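Engineer: show me the folded form of this:
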Amino acid sequence: MRVAMTLMWALLCWVVPGTVGAELVLPVKSQIRAVYGDAAVTRVTRWERLVTLSSDLSVSEKLERVNDFFNTLAFKDDIVVWGEDDYWATPVEFLGRGAGDCEDFAMAKYLTLIELGVSDALMRLHYVKYIPYDQFHMVLTYQPSSSAMPLVLDNIDKAIKPASARRDLLPVYSFNANNMWLSKLDRDGKAMGSSSRLSQWQEWRTRMLNKQMRRP
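Structural biologist: Presented below is the predicted three-dimensional model:
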């Protein structure tokens, strides 16, 4: 079964600028089963169903459903899941293992919302410091207009809240498909150029394009 093609076209356009209308599909279910097992196929099927059933909802409902869906997965550090300190898993890898760290939660939500028609320009992946634990962390934000307070989608505080209510987060930088900013959660930040400067981001997108799945 394929996830709707808009998401796949968007991914290809990110990796190969100017490419429009090319087809990219997720690994077939038999491949997912061979790498991660039957439970992984069930999780991926639920993800596909989420996309299908949420396509006609309002943006606020899409945010809630996507946030709730991924927040049911387990948080585990990369060293536990992948045997290394920092690995950005694709959504298929994340769902395959059923566990991941903050980047995996944020990026899976981001990609799913793009598939559901939410504009990339209205979302940012925010690298922050989570003050209570003095640890670096990643969240997704959605800002419908330049004058609106961004909403924070997080796997620690699972309720979607305005950035003004998240004083436990200290922003470092943010990015989306094309750009980077030194930014605060609740306002525009200083532009830092293209997000292509982030090697892990580019590597993540390439693995999506090539339908790669890392084995446990």
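Engineer: pLDDT weak spots in this structure?
Structural biologist: For the chain, the stretches with pLDDT under 70 are 1-25, 180, 182-194, 196.
Engineer: again, only this time at 50
Structural biologist: Scanning the chain for pLDDT under 50 picks out 1-24.
Engineer: where along it do the helices fall?
Structural biologist: Remark: helices assigned in the chain by DSSP state H are 5-15, 29-36, 38-54, 59-70, 78-81, 91-97, 102-115, 199-209.
Engineer: centre of the chain to the shortest one, how far?
Structural biologist: Relative to the centre of its chain, helix 78-81 is centred 18 Å away, using CA atoms, centre = their mean, to the nearest Å.
Engineer: what helices or strands is that helix leaning on?
Structural biologist: strand 99-100 (3 or more CB pairs under 8 Å, 6 or more residues apart in numbering; DSSP states H and E). Placement of C-beta: from N, CA and C, glycine included.
Engineer: still on that earlier bit, of the helices of the chain, which is nearest A165?
Structural biologist: Shortest distance between A165 and the helices of the chain, using CB to CB, is found for helix 59-70: 15.1 Å.
Engineer: relative to S146, which of the helices of the chain is closest?
Structural biologist: Ranking those by proximity to S146 (CB to CB) places helix 59-70 first, at 16.2 Å.
Engineer: what sits up against the closest one?
Structural biologist: Residues outside helix 59-70 that contact it (CB atoms under 8 Å, 6 or more residues apart in numbering): 46-47, 50, 54, 57, 105, 108-109, 112-113, 116, 118, 142, 144, 151, 153, 155, 158, 160.
Engineer: rerun that using 7 Å as the cut-off
Structural biologist: For helix 59-70, the surrounding residues in contact (CB atoms under 7 Å, 6 or more residues apart in numbering) are 50, 54, 105, 108-109, 112-113, 116, 118, 142, 151, 153, 160.
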